[in-house]
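[1] From the sequence below, what's the structure:
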Amino acid sequence: SRADLSCIYLYDERSTGTKLRLSADRGEYQLPSEIPREDELVEFLEECGESLVLHQRHPYFFKTAFLHRRMNSAMVLPLFTATTRLGYLILNAREQDFFRAERFRFLESFVRLAGGLLHSAQLYRELQRQFKQIEELERYQENIFSSMTNLLVTTDSKGNIHYFNRAAADRLGLDEEELGGSLQGFFRQKMSPRLLQSIDKSATDKRHRLGLQGIMKNIGEEEMDFSLNVSPLLGKRGKHEGLTLLFTDQTKERELQSQMETVVEERRLIKDMFSRYLSTDIVRTLMEKPDLVKPGGDKKSATIFFADIRGYTSFSESKEPEYIIDVLNRYFNRAVEIIVRHKGYIDKFIGDAIMAAWGIPMYSEQEDAIHAVACAVELQEMVKAKDRDFFTGEASHLKVGIGMHSGPLIAGNLGSSRRMDYSVIGDTVNVAARLEGVAGADEVIITQDTRDLIGDRFKLKELEPVKVKGKEKALHIFSVLKQVR
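    Coordinates of the predicted model:
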């Protein structure tokens, strides 16, 4: 054509885009990468479907046809087929009146041929895209069938094995050599004649048969109880194309159900055992990992806490039981909230005392000790608070003393078949109980073992070593004054 500039702008493959994009160009000029579909030029050509020849520039009309400021004549030819808009061939020349009849006829013939070729190329790309989608769907379907626990076998219209999934291969002993072989022949020695007849009937009368029951013989060294659903595969106009056989391995299903019931029962026991005495996140972790709570006893390293009410004995001597219970329950409710928030385990209530533990059934030794001491400090601050809603009236003089110790112990389910509780025993528990007796009102007393675990997070005051029952040597003890960080 000897034009100074030529290029092709194409719609997207479905002609639904808002822009035409530059697809190919020839010449030394920088061209726009796209043309808006709402442009005057594009709208005109879409409406009329004809070629446009401009012998010279016009100050108001079809400015977009001139792709460079040095161009003075232009020709725009639609690349259309009978059903599809593909794009436009645009040619520009610096000379006015450049595109005359001879060039126009040649280029119009050319674009008809080019339009057909471009359309074929787009159809080929679309075919490739659809073929890729089909391959992906086939892989997806195969993954689904392979992951099924049910046994899937299909036949062709002649009753020969066409497909089986991995579960069917494992349980029925199928392999690739069986593909194309007779379904009846494969199952003749494995299934009863009555069931084989039912399968045959589904092929002839094209009806579903659901819930067939039987026992598969010679599956390795074991038999398999199964239920079977048989469904016809129908093509166009109801043409018989084969059968789908879906086996449910009831033997395996019962085994899985038994295991599931065991897991559910373990989780239920854990929830019942710990939900009242531990924070929700710890209970949830134990339910997800029930093996953290071993049957019988398990060695742990924990921090034990005893909190006892000072002045309780003399207070309770002259009070009605109902009033005493009300005073204790008000205090226990607030104390338990603090202990659980600090990830402690409420082991038991002993009269007016609370026994709690950190490090069971899950533990992180240093963090457990820090949580335990922080809990004790907060509990004492709550008891000393002027706006407390317990220990009021005649109970306003009551105080609390707390003793704590860290070390090894045994944690596990203790009791009989009639009554079982998760608890702790050992020397660490005994020492903590003895220290509670040493602690005065408003005091938190810890041992050297606990002190070694909490670092510099608390302000402490070292006290005189004390002798406690069951220990030959005096214990180094500290009073916890406050938490510093």
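
[2] okay, CA-based contacts and neighbour counts for the rest of this
    Noted.

[3] in the stretch 101-250 of the chain, which spans are strands?
    Along the stretch 101-250 of the chain, counting by DSSP state E, counting those that start in this stretch, strands occupy 151-155, 161-164, 209-219, 222-234, 240-249.

[4] Same list (those strands) but as CSV, adding distance to residue 78.
    Output for those, formatted as CSV (distance: least, CA to CA, whole Å):
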stretch, distance to residue 78
strand 151-155, 52
strand 161-164, 51
strand 209-219, 60
strand 222-234, 47
strand 240-249, 48
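
[5] Out of the ones you listed, the one nearest residue 40 is which?
    strand 222-234 (53.8 Å; CA to CA).

[6] Give the buried residues for that closest one.
    Using 16 or more other CA atoms under 10 Å as the test for burial, strand 222-234 gives 224-233.

[7] where's it relative to the chain centroid, distance-wise?
    From the chain centre to the centre of strand 222-234 is a distance of 33 Å (CA atoms, centre = their mean, to the nearest Å).

[8] show me what contacts residue 376?
    402, 444 (CA atoms under 8 Å, 6 or more residues apart in numbering).

[9] can I assume it sits in a helix?
    Yes. Counting by DSSP: H, G, I helix; E, B strand; the rest coil, residue 376 falls inside a helix.

[10] Roughly how far does it sit from residue 386?
    18 Å (CA to CA, to the nearest Å).

[11] cool, and residue 434?
    30 Å.

[12] The two: which has the busier surroundings?
    The neighbour comparison of residue 434 against residue 386 (other CA atoms under 10 Å) goes to residue 434, with 18 against 10.

[13] mind listing what's buried in the host helix or strand of the more buried one?
    Using DSSP states H and E, residue 434 sits in helix 427-438. For helix 427-438, the neighbour count (16+ other CA under 10 Å) marks 428-429, 431-438 as buried.

[14] which outside residues touch that helix?
    304-308, 401-409, 445-446, 468-469.

[15] Tabulate the CA atom coordinates of that helix in CSV.
    Extracted in CSV, the C-alpha atoms of helix 427-438 (Å, rounded to 0.1, in the frame of the first residue of the first chain):
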residue,chain,number,x,y,z
ASP,A,427,6.1,-33.0,97.6
THR,A,428,5.6,-29.8,95.7
VAL,A,429,1.9,-29.8,96.7
ASN,A,430,2.8,-30.4,100.3
VAL,A,431,5.3,-27.6,100.5
ALA,A,432,2.9,-25.1,98.9
ALA,A,433,0.3,-26.1,101.5
ARG,A,434,2.8,-25.6,104.3
LEU,A,435,3.7,-22.1,103.0
GLU,A,436,0.1,-21.1,103.0
GLY,A,437,0.2,-21.6,106.7
VAL,A,438,3.3,-19.4,106.9
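
[16] how far does that helix sit from the chain's center?
    45 Å.

[17] can I assume residue 88 is in contact with residue 21?
    No. The pair residue 88 / residue 21 is not scored as a contact, 10.2 Å apart, by CA atoms under 8 Å.

[18] more crowded one of those two?
    Higher neighbour count among residue 88 and residue 21: residue 88, with 23 against 19, using other CA under 10 Å.

[19] Just the element for the more buried one, please.
    strand 85-93.

[20] one step back: please, a PyMOL command that selects the buried ones among the contacts of helix 427-438?
    Burial among the contacts of helix 427-438 is assessed by 16+ other CA under 10 Å; the matching PyMOL selection reads:
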select buried, resi 304+305+306+307+308+401+402+403+404+405+406+407+409+445+446+468
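
[21] got the residue ranges for the strands in the stretch 351-485 of the chain?
    353-358, 399-415, 420-425, 444-447, 458-462, 477-483.

[22] and among those, the most buried is which?
    Each of the strands of the stretch 351-485 of the chain was scored by mean neighbour count; the highest is strand 444-447, a mean of 27, by mean count of other CA atoms under 10 Å.

[23] Name the residues that touch it?
    Contacts for strand 444-447 (CA under 8 Å, 6+ apart): 376-377, 401-406, 435-436, 438-439, 475-481.

[24] still on that earlier bit, spell out which residues are contacts of both of residue 88 and residue 21.
    9-10.

[25] excluding its backbone neighbours, what's nearest residue 377?
    In space, and not counting its chain neighbours, residue 377 is closest to residue 482: 6.5 Å by CA to CA, 6 or more residues apart in numbering.

[26] Pull the contacting residues for that neighbour.
    Counted by CA under 8 Å, 6+ apart, residue 482 has contacts 377, 458-460.

[27] could I get those as CSV with distance to residue 326 and pLDDT?
    CSV is the format used below for these (distance: CA to CA, whole Å; pLDDT from 0 to 100):
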residue, distance to residue 326, pLDDT
377, 24, 96
458, 34, 94
459, 35, 94
460, 34, 95
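
[28] Now render those residues as CSV, adding distance to residue 93.
    Converted to CSV, those look like this (distance: CA to CA, whole Å):
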residue, distance to residue 93
377, 91
458, 88
459, 91
460, 94
